[in-house]
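Engineer: Build me a model:
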Amino acid sequence: MSFNVTARYFDGKTSAAQNVTVIIDDRDVTLCNDDGTVATLNRGDLRLSEKPLANSPLRLRRAQDDGMRIVFAKEDAKSVADILRQGPSKVAVDEASRRAITRLIVGIIGFTALVGLTIWLAVPIAAQILADHYPRHSEITLGKAARDQILFALEKLDDDFKVCRPKDQAHDAIGKIIAQLGRETPLDYDYDVTFVQSEIPNALALPGGQILVFSGLLEIMDSPEAFTGVLAHEIGHSEMRHGLRNLFANTAITQLIRLISGGALVVPAEFALKQGYTRDMEREADQFALQTMQGADIRTTDTAVLFTKLRDILEKDGGGLDLPEMLSSHPDMDARIAHFENATATGAVNIDPADWLSLKMACDG
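Structural biologist: A predicted model of the protein is given here:
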C-alpha cells in the first residue's frame with residue numbers, strides 16, 4: 001500500500017529547493033519531480049529530523065546526515081508521520097537532532113545574555129576609557145564636524161530650523177558668563193555656542209565644547225541667570241566628556257547589533273542621535289552646574305523656575321513636543337528642581353541688561 005504527497009526537496013549540495021511528489025510504501029520513499037526524474041530511498045536509511053508537532057512542517061533526512069531534506073507542509077505532516085512510523089520499516093525520530101536543537105537554543109540564549117551583559121557593563125567602561133584617552137584636539141575637531149552635520153540635517157529636514165546669526169554683543173555676553181563660571185572652576189574647552197531657530201525648548205552639548213541652544217528655550221527664560229543654569233549644565237556634559245562617551249558607546253552597540261545579526265540589521269543614524277545621556281550623566285551635569293554656579297556666586301533659583309516651566313510644558317503637551325535633552329533622562333523632575341531651588345548662591349551674572357537682551361533676541365535679528 002502506498003501514500004502520495006507533495007513536498008519540497010533539498011539535495012544538501014545547494015540551497016535550491018525542488019517541488020517533488022513523494023510516494024511512500026512499506027519499504028521505500030520514492031521522489032518524482034516534474035521532469036520525471038525518480039530517486040528511491042530506503043525507509044531504513046531515513047530519519048525524522050524532529051518529533052512531529054501540530055501546525056509545523058515535517059522534515060525527513062538520511063540517517064547519515066548529508067544535508068538532504070524532504071520537507072512536508074504542515075497540513076500533511078501528521079498523515080506523513082503516521083505512515084512513516086507504521087509498517088515493517090518504521091522511520092524513527094532522530095533524538096540526537098532534537099538534542100542538537102536544544103543545545104543550539106541554549107547556546108543562542110547564552111550568547112544573547114552575554115552580549116546583553118557586555119552592553120550593560122563592558123561597553124560603558126570601554127567608552128569611558130576611550131574618552132579619557134582620546135586626544136583633546138581630535139575631540140574638538142569631531143565636535144565641530146558633528147555640529148555642522150546636525151545643523152545641515154536640521155535645515156534640510158525642516159524649513160522651520162535655521163542657524164541664527166546673533167549680534168556680536170550676544171557672543172560677548174556668553175564670553176562674560178563663561179568667564180564668570182570659570183572663575184573658581186577652570187574649564188577645559190573654549191566654548192562655542194550656536195543658536196538654532198526652533199520652537200522646541202532644547203539645548204544640546206556635543207563633544208569638544210560645542211553647544212546648541214534652541215530659540216524655543218530662550219523664549220521661556222526670564223533672566224540671564226536662567227540662561228547660565230542651562231549653559232552650566234551643558235558645559236558639565238562637555239567637561240566630563242559625556243558626548244564622547246556616548247559616541248563611543250553607541251558605535252560599539254551598533255557594531256554588536258551588526259555582529260549578532262550577521263549584518264542583516266542596519267542601525268539607522270537616527271538611533272545614535274536619539275540616545276540621550278544616561279541618568280547618571282544628567283545628575284553629574286546638574287551637580288557640575290550647581291557647584292560651578294555657587295562657586296561663581298550666581299543664583300540657581302532662576303534655573304529652577306525655568307525647569308518648572310519646562311516640566312509644565314511637557315506635562316501639558318508632551319505627546320507633541322520633542323523632549324528637551326536636559327530633561328530626557330531625569331526620573332524625578334521635582335527633586336531636580338528642588339536641588340536648584342535650595343542652593344545657597346544669591347549673586348547675579350555680570351552682564352548688563354543690554355547684554356541679556358542681545359542673548360534673549362539672538363534669533364530675532
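Engineer: Could you pull up the mean pLDDT of the host helix or strand of residue 145?
Structural biologist: Counting by DSSP states H and E, the element that carries residue 145 is helix 136-157. In this model, helix 136-157 has an average pLDDT of 84.
Engineer: So which elements touch whichever helix or strand comes after it?
Structural biologist: Sequence-wise, the next helix or strand downstream of helix 136-157 (DSSP H and E) is strand 162-163. On a contact count with 3 or more Cβ pairs under 8 Å, 6 or more residues apart in numbering; DSSP states H and E, strand 162-163 meets helix 136-157, strand 192-197. Heads up, the C-betas are built off the backbone N, CA and C, glycines and all.
Engineer: which residues touch residue 294?
Structural biologist: Counting by Cβ atoms under 8 Å, 6 or more residues apart in numbering, residue 294 touches 300, 343-345.
Engineer: pretty sure it is in a strand, no?
Structural biologist: No - using DSSP: H, G, I helix; E, B strand; the rest coil, the assignment for residue 294 is helix, not a strand.
Engineer: in which helix or strand would I find the nearest residue to residue 58 once chain neighbours are set aside?
Structural biologist: Nearest non-adjacent residue to residue 58, counting by Cβ to Cβ, 6 or more residues apart in numbering: residue 77, 3.8 Å away. Using DSSP H and E, the element containing residue 77 is helix 74-84.
Engineer: Tell me the buried residues in that helix?
Structural biologist: 76-77, 80-81, 83-84 (16 or more other Cβ atoms under 10 Å).
Engineer: Residues in contact with that helix: which ones?
Structural biologist: Contacts for helix 74-84 (Cβ under 8 Å, 6+ apart): 3, 5-7, 22, 24, 43, 46, 48, 52-58, 60, 72, 90-91.
Engineer: Narrow these to those that are buried.
Structural biologist: Buried, going by 16+ other Cβ under 10 Å: 3, 5, 7, 22, 24, 43, 46, 48, 52, 57-58, 60, 72, 91, out of those.
Engineer: In the stretch 51-200 of the chain, where is pLDDT below threshold?
Structural biologist: Applying pLDDT under 70 to the stretch 51-200 of the chain picks out residues 95-128, 131, 158-159.
Engineer: Also the stretch 251-365 of the chain?
Structural biologist: Ranges of the stretch 251-365 of the chain meeting pLDDT under 70: 251-277, 317-331, 365.
Engineer: all helices in it, in order from the N-terminus.
Structural biologist: Counting by DSSP state H, counting those that start in this stretch, the stretch 251-365 of the chain has helices at residues 269-274, 279-295, 301-317, 333-341, 353-360.
Engineer: winner for burial among these?
Structural biologist: Comparing the helices of the stretch 251-365 of the chain by mean neighbour count (mean count of other Cβ atoms under 10 Å), helix 279-295 ranks first with a mean of 19.
Engineer: Could you check the angle that one makes with helix 301-317?
Structural biologist: Here helix 279-295 runs at an angle of 150 degrees relative to helix 301-317 (axes from the mean of the first three to the mean of the last three Cα atoms, to 10 degrees).
Engineer: the inter-axis angle of helix 279-295 versus helix 333-341?
Structural biologist: Orientation of helix 279-295 against helix 333-341 (the same axes, to 10 degrees) gives an angle of 20 degrees.
Engineer: Can I get helix 279-295 in PDB, CA atoms only?
Structural biologist: C-alpha atoms of helix 279-295 as PDB (Å, rounded to 0.1, in the frame of the first residue of the first chain):
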ATOM      1  CA  ARG A 279      20.500  59.400  34.200                       C
ATOM      2  CA  ASP A 280      23.900  59.300  35.900                       C
ATOM      3  CA  MET A 281      25.300  61.700  33.300                       C
ATOM      4  CA  GLU A 282      22.500  64.000  33.800                       C
ATOM      5  CA  ARG A 283      22.900  64.000  37.500                       C
ATOM      6  CA  GLU A 284      26.600  64.700  37.100                       C
ATOM      7  CA  ALA A 285      25.900  67.600  34.800                       C
ATOM      8  CA  ASP A 286      23.400  69.000  37.200                       C
ATOM      9  CA  GLN A 287      25.900  68.700  40.100                       C
ATOM     10  CA  PHE A 288      28.500  70.400  38.000                       C
ATOM     11  CA  ALA A 289      26.200  73.300  37.200                       C
ATOM     12  CA  LEU A 290      25.200  73.700  40.900                       C
ATOM     13  CA  GLN A 291      28.800  73.700  42.100                       C
ATOM     14  CA  THR A 292      30.100  75.900  39.400                       C
ATOM     15  CA  MET A 293      27.300  78.500  39.800                       C
ATOM     16  CA  GLN A 294      27.700  78.500  43.600                       C
ATOM     17  CA  GLY A 295      31.500  78.900  43.100                       C
END
